[in-house]
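**Q** the following comprises the amino acid sequence and a computationally predicted model.
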Amino acid sequence: MKLFLFLEEEQSKNFLAGPMLAQHEGFGYAARMLSVVIETKNDEEGLARTLATLIGGAVEGVVREVIVCDRGSSDHTHYVAEHAGCTFVEGTVGEGIAQAKGEWLLLLEPGARLVDGWTDGVMRHIARATMAARFKRSKSSARPFWARLASRPRALEQGLVITKRQAAVLGRAGADAEGIARGLAMKTLEAEIVVAPARGA
């Protein structure tokens, strides 16, 4: 059974007319669906964990599609993405952004997990703002004091909610997902994220 139902015809029939729509009507819901873009390489387990936390957003109709941009994995990333109903792109995050159908994008690291209720915070933001935003770290993801002194956080570790137009401009020079998020002015949402562990940790 696929985790996501992304055929637009099926999504319109099954979700847009359903009771979940009422939860988001005040947010310009129908025009504000998200395309999720995940850049990955050899992290099939992290990808699976992230996809699992997107199921609720797909059921509500908030998540329009998930695009997995693979940078040459030799593990089962391709299988995980296709089994979940994602669009699989062998290439850069810029190529994934170009294919995205949503006006707004949600960029995530594989292994990051969105906390239940995340859709409300995102939908409120994109209905009222155009600037980029990131999620609030969950308490379980708080960085110890020594870690804050020893290293800077990854730019994408708290996710990134951004318009497709802005992401396309930032990714035009071949930047990876981390590069798109780096140095960007962002609002912090009330919605929470469990940050992906550092690679090799």
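**A** Cool, the structure landed. Numbers count the residues shown, from 1 in each chain.

**Q** please, where are all the strands along this structure?
**A** With DSSP state E as the criterion, the chain has strands at 34-40, 63-70, 87-90, 104-108, 113-114, 132-137, 160-163, 186-194.

**Q** other SSEs contacting the helix ranked longest in the chain?
**A** Counting by DSSP state H, the longest helix found in the chain is helix 118-128. Where contact means 3 or more C-beta pairs under 8 Å, 6 or more residues apart in numbering; DSSP states H and E, helix 118-128 is packed against helix 21-24, helix 55-60, strand 132-137, strand 160-163, strand 186-194. C-beta: built from backbone N, CA, C; applies to glycine.

**Q** and those as TSV, adding distance to residue 123, mean neighbour count and mean pLDDT?
**A** Below are the helices and strands packed on helix 118-128 laid out as TSV (distance: least, C-beta to C-beta, whole Å; neighbours: other C-beta atoms under 10 Å; pLDDT from 0 to 100):
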stretch	distance to residue 123	mean neighbour count	mean pLDDT
helix 21-24	5	15	43
helix 55-60	9	19	94
strand 132-137	12	21	97
strand 160-163	10	23	98
strand 186-194	10	18	96
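
**Q** mind checking which of those is nearest residue 179?
**A** Residue 179 lies closest, by C-beta to C-beta, to one member of the helices and strands packed on helix 118-128: strand 160-163, at 11.3 Å.

**Q** where does the prediction get shaky in this structure?
**A** Across the chain, the ranges flagged by pLDDT under 70 are 1-32, 141-151, 200-201.

**Q** which ones are touching the nearest residue to residue 180 once chain neighbours are set aside?
**A** Ranked by C-beta to C-beta, 6 or more residues apart in numbering and with sequence neighbours excluded, the top spatial neighbour of residue 180 is residue 170, at 4.6 Å. If a contact means C-beta atoms under 8 Å, 6 or more residues apart in numbering, then residue 170 has 179-180, 184 as its contacts.

**Q** the helices and strands packed on helix 118-128: which one's closest to residue 89?
**A** strand 160-163 (17.7 Å).

**Q** residue 37 reaches residue 67, doesn't it?
**A** Yes. The criterion here is C-beta atoms under 8 Å, and residue 37 meets it with residue 67 at 4.9 Å.
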